[in-house]
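Engineer: from the sequence below, what's the structure:
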Amino acid sequence: MKTSKSCFLQGLPALWLLVLVPHRDARLPLRAWSASLFAAGLPGAWSFPWVAPLAVLNCPLPAEDLKRLARSMRQQADFAGGKFSAGSPAVAAIPSGGETLSVFGPALSAGLETERCPILPSCQLPAWPLIIGAALLNGALPEGLPAPPHLSFRAAALANMSLRRLPSGGGLSVEWEIGTLYWLPKNSYHKKPRSAV
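Structural biologist: Numbers count the residues shown, from 1 in each chain. This is a model prediction of the structure:
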C-alpha cells in the first residue's frame, strides 16, 4: 500500500491522527467513488486517503498501544456482528491547529460505544462523526454527487497518520503518510467449530 502522497516538506507542522485503515478490497470501491466525485465537480476528491479518522493525537502512538487498541476495537466490533459498515455520506470536521479540516466520506458504523472514544477509554468522543475519508472540502458540496458504494468489511488495521497542508492549493493540497499497519485480530466468525470425536 502506498501510504504517502508526496515527500514531506521540512518545517511544516503536521496533524497526527489515529486512523482505521480498511482492507485493500474495501478501499478499491472507495477509490472508484473518489474518481466519480472528482468528475462530478468535487476538487478535493483526491486529497485524503481512504481511511477513517478516529482521534487527533499529540504524537504518534507506540506499537504496543496500537496493538492493544486493535484488540480492543475487534472485541467491540464483535459485539455488533464483527463487521464495519459504511453508509450515507457525511462530513467530519476535524480540528487542525486553529483551523478545521473538513473531510467528506461515507459514515462508518460498527456498533462502537457512542459516549466515549471507541478505543481510547480516557478520551471523549471527538466532535466529528466516524467516516471513511474520500475527499477534503473547501466550501459547500456540489449538488448531484454520486452516492457512495455500500461497503461492509471485517479486515481493518489501526495506524498513525500524519498530514500536512501544503502552501498552495487553496486548502486542498496536502501530503500524508500512514505508518505501520496493526491489523485487528481475526474474530470468532472466522473460526470453525471443532468436531466431536
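Engineer: mind listing what's buried in stretch 152-159?
Structural biologist: Using 16 or more other Cβ atoms under 10 Å as the test for burial, stretch 152-159 gives 153-154, 156-159. All C-beta spots, glycine's among them, are computed from the backbone N, C-alpha and C.
Engineer: what's next to stretch 176-188, contact-wise?
Structural biologist: If you take Cβ atoms under 8 Å, 6 or more residues apart in numbering as the criterion, stretch 176-188 is touched by 1, 3-5, 8, 19, 21, 48-49, 51, 60, 63, 66-67, 69-71, 73-74, 77-78, 82, 154-164.
Engineer: is residue 141 in contact with residue 41, as I believe?
Structural biologist: No: using Cβ atoms under 8 Å as the test, residue 141 is too far from residue 41 to be in contact (9.6 Å).
Engineer: the more surrounded of these two?
Structural biologist: Regarding residue 141 and residue 41, a neighbour count based on other Cβ atoms under 10 Å identifies residue 141 as having more, with 15 against 12.
Engineer: I'd say residue 87 and residue 109 touch.
Structural biologist: Yes: between residue 87 and residue 109 there is a contact under Cβ under 8 Å: 6.3 Å.
Engineer: continuing past the least confident helix or strand in the chain by mean pLDDT, what's the next helix or strand?
Structural biologist: Lowest by mean pLDDT, DSSP states H and E among the helices and strands of the chain is helix 63-79, with a mean of 85. Elements were assigned by DSSP states H and E; along the chain past helix 63-79, the next helix or strand is strand 84-96.
Engineer: which ones are touching the residue nearest the centre of the chain?
Structural biologist: Centroid-nearest residue in the chain, with Cα atoms, centre = their mean: residue 52, separated by 1.3 Å. Residues in contact with residue 52 (Cβ under 8 Å, 6+ apart) are 19-22, 105, 108, 130-133.
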